[in-house]
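>>> Show me how the following folds:
(2 chains)
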Amino acid sequence: MNQTAPMSPLPQRPCCMGLRQLWALVQKDLRIEARSRQTLGLLVVLGLLVVVVLGLGLGQQQGSGFQSTAVLWVAYLFSGVLCFEKTMATERHDGAMAGLMLAPLDRGTIYLAKLLGNLLLMLAVALVVTPAGVIFFHFDLSANPLAFVLVMGLSILGFASVGTLFAALVSSSRLQGGLLAMVVFPLSLPLVIASTQILLAVFRDGRPLAGGSLGILAAFDAIFLTASWVLFEWVLEP
Amino acid sequence: MRQRAGIWVSLFWLLTAGTFAAALLRVAWFTPEEATMGVIQKVFYLHLPVAINTFLACMVCFIGSVGYLTQRQSWWDDLAAAAAKVAVLLCSIVLLTGMIWAQSAWKTWWTWSPRLTFSLVLWLLYVVYLLIRASVESRQRRAVVSAVYGVLAFLDVPLVYLSVRLMRDIHPTSITMEPAMRLTLALWFVPVTLLTAALIVLRYRLNRAGRQAAAIPAQPAQPVALRLMGDAL
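Sure thing, here's the model as predicted:
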């Protein structure tokens, strides 16, 4: 219409550009998931199955409620690994990864987008699996529900940041399934140890949430987010 | 030049073997027994130096991994692989001696005490490193995957250390020792450290040789009869 306007791209500041790219990538992953509905159902059911199997296996010995942190961790770890594997596997079809790498994007943005997509899926899983684990094992959260959410949220963030990196690494190396779990589980062990100890201190010993111990989780997140973000561009392969 | 290097290598092995023998003799006959633990306490003289050397080996693995990722030269990868293998060996010794200690001190082979948990997690981390190397076929890809893992595994170590400190501790943190005991401990550091360095270097050279051997194109197989005939002629 307006013929006098110069045909130039909209002026963009680099930071907004990065955010827009990030959002576009996340949207793409979410749209794929919304249309195929392949991953989420699988993850939620796997998480629930883990909780049920452990509940049946522990039988009548449960009662103190503190098993539920262990049960939830097993559920998160297994559905998490499946989640990271699945979301990265969509990039393997039809040379999608090559397309992403050719796009004028910072490689770090690809990492952050994948991480964000994984986090959203893991949040959905946690929303279903956590109440199940808490109710089945009679874990009394009433003392400090916010602490529980904070500790588990920070832990899942750290876990997802390692998992996303290695999913890219393992998927492009055409390795057998199962290797991802073997790589991510030992690296995530400090999260399991720290979060369990913090939750025990808060809910069993009735102490307030200590900033120092929460700092370990935050430090884990910071270190692994930065390291993964830096290392990601070296591991991408079409 | 070559001969001179040979002399140094012989000297190195003489020194290692000599200090090792001296350390063994000293711990057996010239070190007083600890009052409460008795003779079992003597496992400590091996335990601590090996534990410290485990960290050193892990650090060498980290340096090799970072070096490979930044420079992409195969010798960095060989160095990291060699160090990881030695780290697993040393960490196994730490775990075993720690369990022997636990059995005599706390009457149980295993307890989830912070230090024991820490060495177990460390052991797992580097065993997985070796497994990753074994399961990637392409040499280049294997180097990248294991280098990324080597970096993250080493970054994991302080985090594991911090998180196990949240657990209840029964491990001795500071030990008051007699001067004689301290001397024995110092003496043990020498052969253990020398041996660690030697193992890493030997393993590294083996890895280099393996890589060179793999680079030689395979000779077409010659029928035995023809070869014998050729030899006869």
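
>>> which stretches of chain B aren't confidently modelled?
Counting by pLDDT under 70, chain B contains low-confidence ranges at B:1-2, B:35, B:169-176, B:220-227, B:230-233.

>>> Please repeat the previous calculation with a cut-off of 90.
Residues of chain B meeting the criterion pLDDT under 90: B:1-9, B:16, B:20-48, B:70-72, B:98-118, B:132-142, B:144-145, B:158-188, B:190, B:211-233.

>>> Flag every residue of it that's near chain A.
Taking CB under 8 Å from any CB of the partner chain as the criterion, the neighbours of chain A within chain B are B:69, B:117, B:121, B:124-125, B:128, B:131-132, B:135-136, B:138, B:141, B:144-145, B:148-149, B:151-153, B:155-156, B:159-160, B:162-164, B:166-167. For glycine as for every other residue, the C-beta is placed from the backbone atoms N, C-alpha and C.

>>> Filter those down to the buried ones.
Neighbour-count burial (16 or more other CB atoms under 10 Å in any protein chain shown) is assigned, among the residues of chain B next to chain A, to B:69, B:117, B:121, B:124-125, B:128, B:132, B:135-136, B:141, B:144-145, B:148-149, B:151-153, B:155-156, B:159-160, B:162-164, B:166-167.

>>> Narrow these to those in strands?
Residues of those located in strands (DSSP state E): none.

>>> Tell me which residues of the strand or helix carrying B:Thr19 come out buried.
Taking DSSP states H and E as the criterion, the element that holds B:Thr19 is helix B:2-29. Using 16+ other CB under 10 Å as the burial criterion, the residues of helix B:2-29 that qualify are B:Thr16, B:Thr19, B:Phe20, B:Ala23, B:Arg26, B:Val27.

>>> Quick one: distance of that helix to the chain centre.
Here the centre of mass of C-alpha atoms in helix B:2-29, compared against the chain's by CA atoms, centre = their mean, to the nearest Å, lies 19 Å away.

>>> Show me what it is packed against.
If you count contacts as 3 or more CB pairs under 8 Å, 6 or more residues apart in numbering or on different chains; DSSP states H and E, helix B:2-29 packs onto helix B:179-215.

>>> So what's the gap between the helix it packs on and the chain middle?
In terms of CA atoms, centre = their mean, the centre of helix B:179-215 is set 7 Å apart from its chain centre.

>>> so it versus helix B:2-29, what angle?
Angle between the axes of helix B:179-215 and helix B:2-29 is 140 degrees (criterion: axes from the mean of the first three to the mean of the last three CA atoms, to 10 degrees).

>>> A:Ser161: how many residues sit nearby?
Other residues lying near A:Ser161 total 24 when counted by other CB atoms under 10 Å in any protein chain shown.

>>> I misspoke; the intended subject was A:Gly215.
When counting by other CB under 10 Å, one arrives at 13 neighbours for A:Gly215.

>>> List the buried residues for the helix or strand it falls within?
Taking DSSP H and E as the definition, A:Gly215 sits inside helix A:211-235. Of all the residues in helix A:211-235, those buried under the rule 16+ other CB under 10 Å are A:213-214, A:216-217, A:219-221, A:223-225, A:227-229, A:231-232, A:234-235.

>>> other SSEs contacting it?
In terms of contact count using 3+ CB pairs under 8 Å, 6+ apart, helix A:211-235 is assigned the packing partners helix A:107-136, helix A:145-172, helix A:179-203, helix B:139-164.

>>> again, 10 Å this time
helix A:107-136, helix A:145-172, helix A:179-203, helix B:44-71, helix B:139-164 (3 or more CB pairs under 10 Å, 6 or more residues apart in numbering or on different chains; DSSP states H and E).

>>> Could you figure out how far the third one is turned away from helix A:145-172?
Regarding helix A:179-203 and helix A:145-172, their directions subtend 170 degrees when assessed with the same axes, to 10 degrees.

>>> Check the gap between A:Ala167 and chain B for me.
Applying CB to the nearest CB, to the nearest Å, the value for A:Ala167 to chain B is 12 Å.

>>> Now that that residue has come up, it's in contact with A:Phe84, right?
Yes - if you go by CB atoms under 10 Å, A:Ala167 and A:Phe84 touch, sitting 3.8 Å apart.

>>> Those two: which has the busier surroundings?
Taking A:Ala167 and A:Phe84 together and counting by other CB under 10 Å, A:Phe84 has the greater number of neighbours (30 against 26).

>>> and the more buried one, what helix or strand is that in?
helix A:67-89.

>>> and that helix, what does it pack onto?
With 3+ CB pairs under 10 Å, 6+ apart as the test, helix A:67-89 has helix A:14-36, helix A:39-58, helix A:107-136, helix A:145-172, helix A:179-203 packed against it.

>>> How far off centre is the helix or strand following that helix?
Proceeding N to C from helix A:67-89, the next assigned helix or strand is helix A:96-102, under DSSP H and E. Taking CA atoms, centre = their mean, one finds the center of helix A:96-102 at 22 Å from the center of the full chain.

>>> Stretch A:144-163 too?
Relative to its parent chain, stretch A:144-163 has a centroid offset of 9 Å by CA atoms, centre = their mean.

>>> tell me which residues of that stretch are tucked away?
Using 16+ other CB under 10 Å as the test for burial, stretch A:144-163 gives A:144, A:147-148, A:151-152, A:154-163.

>>> Same question for stretch B:204-216.
B:Tyr204, B:Asn207.

>>> So for the most centrally placed residue in chain A, what's the nearest residue that isn't a sequence neighbour?
By CA atoms, centre = their mean, the mean C-alpha position of chain A lies nearest to A:Ala160, the distance being 3.1 Å. What sits nearest to A:Ala160 in space, not counting adjacent residues and going by CB to CB, 6 or more residues apart in numbering or on different chains, is A:Asn118, at 4.9 Å.

>>> wait, the one you found sits on A:Asp29?
Yes - when contacts are counted by CB under 10 Å, A:Asn118 is listed as touching A:Asp29 (8.8 Å).

>>> Show me where chain A dips below the pLDDT cut-off.
For chain A, the stretches flagged by pLDDT under 90 are A:1-22, A:29, A:32-41, A:54-70, A:85-109, A:133-147, A:166-183, A:196-216, A:229-238.

>>> so how far is B:Gly150 from B:Ala84?
With the distance defined as CB to CB, to the nearest Å, B:Ala84 ends up 7 Å from B:Gly150.

>>> now swap in A:Met152 and tell me
In this view, A:Met152 and B:Gly150 are 29 Å apart by CB to CB.

>>> Also A:Leu19?
33 Å.

>>> neighbour-wise, which of these two wins?
Relative neighbour count places B:Gly150 above the other of A:Leu19 and B:Gly150, with 29 against 13, counting by other CB under 10 Å.

>>> which residues does the residue nearest to the more buried one when sequence neighbours are not counted contact?
Spatially, and ignoring its direct neighbours in sequence, B:Gly150 is nearest to B:Ser65 (3.2 Å; CB to CB, 6+ apart). Contacts for B:Ser65 (CB atoms under 10 Å, 6 or more residues apart in numbering or on different chains) come out as B:76-77, B:79-81, B:83-84, B:129, B:143-144, B:146-154.

>>> With A:Gly55 instead?
Under the criterion of CB under 10 Å, 6+ apart, the contact partners of A:Gly55 comprise A:Gln62, A:Gln67, A:Ser68, A:Val71, A:Ala132, A:Gly133, A:Phe136, A:Phe137.

>>> The residue lying closest to the fifth one once chain neighbours are set aside: neighbour count?
Closest residue to A:Ala132 apart from its sequence neighbours, by CB to CB, 6+ apart: A:Val51 at 5.1 Å. Applying other CB under 10 Å, we find 24 other residues in the vicinity of A:Val51.
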